[in-house]
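Student: no FASTA, just this:
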């Protein structure tokens, strides 16, 4: 009798857990984001994505993980990986690519605002590389406006998780950690060539006033150069009718994605569709999504 009661109890718990999982997935799919794939469990801290070929992305993870990049298909399987030579994953936070296929890894995560130098690793097109390792060149830079490491709480502007490439330059958008929070992200520019630079401050982007959902975690620009996407933990900003370098003066559309998972990565699949991913936290996240911009 006790065994039977235990079976009924355990079955009831399993049913609740299963129903909760279905509810989470249906909530995410019923909003603006549509699930494409469950990402591999060993990539639960994915922090940057970029797309080269149909139905696959390249993925990195953030600090504490391997110095590797991974190709993941839309079925959620790793089909290829490279160890990145001459690189160290201090805190890899985003991926960007240029028009000839070079891939850029942003090693500029800086939660405590105490790093004095940042690095972007420039890799050749991973779709064309063979073997198990891929070479990296270093683009090193500093933020000239930062004088103390860390600065005062009111000046914690120098964590970074977002950037994109356009016309021989990399545009970097910082992640605000100020206290009190003022919603401001700084926009910097560095050349896309190997070297050591002082990043050029070219503008400021004001997101919104809720730190939990307004701090920028990833960015990309469409292949036609007409739309910039900025991602946060639940919001998306689309910027059009802009001029570079200071794209903050363009037309801004703020979109609530109707989810509050740890959204970490965005890239354009094509000029009208975004790919978005989030970290896995418990039963939530760890997915690759699409977002149809024509339906917004």
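Tutor: That came through, no problem. Just so you know, these numbers come straight off a predicted model, no measurement behind them.

Student: which residues touch residue 92?
Tutor: 47-48, 60-63, 65, 105-107, 109 (C-beta atoms under 8 Å, 6 or more residues apart in numbering). (C-beta placed from N, C-alpha, C; glycine too.)

Student: for it, give me the pLDDT.
Tutor: Reading off the confidence values, residue 92 has pLDDT 98.

Student: ok, residue 31 next?
Tutor: What the model reports as pLDDT for residue 31 is 70.

Student: any regions of the stretch 1-150 of the chain where pLDDT drops low?
Tutor: For the stretch 1-150 of the chain, residues meeting the criterion pLDDT under 70 lie at 1-30.

Student: try 50 this time
Tutor: Applying pLDDT under 50 to the predicted model, the residue ranges of the stretch 1-150 of the chain that meet it are 1-28, 30.

Student: residue boundaries of the helices in it?
Tutor: For the stretch 1-150 of the chain, the helices defined by DSSP state H, counting those that start in this stretch cover 2-30.

Student: strands along that one, start to end?
Tutor: According to DSSP state E, counting those that start in this stretch, the stretch 1-150 of the chain carries its strands in the segments 34-38, 46-51, 56-61, 68-73, 78-84, 92-97, 103-107, 118-123, 133-134, 137-142.

Student: cool, and the stretch 151-296 of the chain?
Tutor: With DSSP E, counting those that start in this stretch applied, the stretch 151-296 of the chain shows strands at 159-166, 169-175, 184-191, 195-198, 200-206, 218-221, 228-231, 235-240, 251-256, 263-270, 273-278, 287-292, listed in chain order.

Student: packing partners for the fifth one?
Tutor: Translated: strand 200-206. The elements that strand 200-206 packs onto, with contact taken as 3 or more C-beta pairs under 8 Å, 6 or more residues apart in numbering; DSSP states H and E, are strand 184-191.

Student: the strand it packs on: which residues count as buried?
Tutor: 185-190 (16 or more other C-beta atoms under 10 Å).
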